[in-house]
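In: This is a predicted model, with the sequence first.
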Amino acid sequence: MLRSIFFLIGNILVVLGLSRILPDFVVSSYASAFWFVLVLSLLNIILVPFLRLLAFPINFVSFGLFSLMINIFVLIVTINFVNGVAITSGGFGPRAVTVLFVSVGLAIGQSVLNSVFKTQ
């Protein structure tokens with residue numbers, strides 16, 4: 001339980017850091033970051049396994065690159081669901097790049113948190 005709380009706090013800090021680094025990714029408050037991370041975690045628990053099961057043939061053919069598309073889709077759904085978190089750039093290309101950077105940043109944050117809180 002304590003590990004989950006540390007992961008939640010770590011992800012909130014990563015989201016807030018990404019909002020400072022990426023000019024197009026806007027998080028208006030700490031509460032918005034909390035709700036963003038909470039909704040993203042719930043979608044990753046509930047929706048992502050189902051989507052990966054459905055997309056297995058496409059994922060197999062694309063050598064796993066379609067998993068990145070699933071992560072981007074879940075991030076876009078989360079950004080549209082949570083008030084106070086937005087991508088301000090216009091057009092599909094800049095938005096896709098921003099969401100890709102957010103996805104990579106969250107993955108790096110998860111990797112760091114996993115290495116810090118490694119259980120033996």
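Out: Sure thing, it's come through.
In: Only C-alpha atoms from now on, for both contacts and neighbour counts.
Out: Noted.
In: which stretches of the chain have low pLDDT?
Out: 119-120 (pLDDT under 70).
In: quick one, helices of it?
Out: 2-21, 30-54, 56-61, 66-81, 92-116 (DSSP state H).
In: So which residues lie in contact with the second one, not counting its own?
Out: The contact list for helix 30-54 (CA atoms under 8 Å, 6 or more residues apart in numbering) reads 8, 11-12, 15-16, 27, 67, 70-71, 74-75, 78-79, 82-85.
In: re earlier: can you put the helices of the chain in a markdown table and add mean neighbour count?
Out: Compiled in a markdown table, the helices of the chain are given as follows (neighbours: other CA atoms under 10 Å):
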| stretch | mean neighbour count |
| --- | --- |
| helix 2-21 | 16 |
| helix 30-54 | 16 |
| helix 56-61 | 14 |
| helix 66-81 | 17 |
| helix 92-116 | 15 |
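In: residues touching residue 100, list them.
Out: Contacts of residue 100 by CA under 8 Å, 6+ apart are residue 72.
In: Tell me the spacing between it and residue 84.
Out: Residue 100 sits 19 Å away from residue 84, going by CA to CA, to the nearest Å.
In: Tell me who's in contact with residue 84.
Out: Contacts of residue 84 (CA under 8 Å, 6+ apart): 26-29, 32.
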